[in-house]
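# Next come a sequence and a model predicted from it.
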Amino acid sequence: MADTITAPTFAPTIAPAEAPVESPSRPISDDGDHDRFAHYARKDDVTRSYVTGEAIVALCGKKWTPTRDPKGYPICPTCKERKEAGWKI
Ligand SMILES: [Zn+2]
């Protein structure tokens, strides 16, 4: 028969419930949160939008006005995914 190894039994350690929880780095809000992303859009549209202030449609389907410098913003995950999948706007 197989050897029986008797491991020492440890008393189970139960972590305290008040373990520190990492707080989200940015507040989640319904309004404007997605604007913190840089979206892919047609260059012509972006240029036009800068001039006219018109909202344009991004690759992810989001309609927004790219007024801010997209540098420093993370790329919208949906836009990125779709671009990698070969989507074209
Ligand atoms: Zn997007």
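Received, thanks.
# When you work out contacts or count neighbours from here on, use the C-alpha atoms and nothing else.
Fine.
# Show me the longest helix that occurs in the protein.
helix 43-52 (DSSP state H).
# Could you pull up the mean pLDDT of that helix?
For helix 43-52, the mean pLDDT works out to 91.
# and it, C-alpha only, in PDB?
What follows is helix 43-52, C-alpha atoms only, in PDB (Å, rounded to 0.1, in the frame of the first residue of the first chain):
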ATOM      1  CA  LYS A  43      -8.800  61.200 -38.600                       C
ATOM      2  CA  ASP A  44     -10.900  63.400 -40.800                       C
ATOM      3  CA  ASP A  45     -13.700  63.300 -38.200                       C
ATOM      4  CA  VAL A  46     -11.400  64.200 -35.400                       C
ATOM      5  CA  THR A  47     -10.000  67.200 -37.400                       C
ATOM      6  CA  ARG A  48     -13.500  68.300 -38.200                       C
ATOM      7  CA  SER A  49     -14.600  67.900 -34.700                       C
ATOM      8  CA  TYR A  50     -11.800  70.100 -33.400                       C
ATOM      9  CA  VAL A  51     -13.000  72.800 -35.700                       C
ATOM     10  CA  THR A  52     -16.700  72.500 -35.400                       C
END
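# for the ion, what are the nearby residues on the chain?
39, 60, 76, 79 (CA under 5 Å from the ion).
# Of those - the most surrounded one?
H39 (26 neighbours; other CA atoms under 10 Å).
# Excluding chain neighbours, what is closest to that one?
Distances taken as CA to CA, 6 or more residues apart in numbering place C76 nearest to H39, at 5.4 Å, with adjacent residues excluded.
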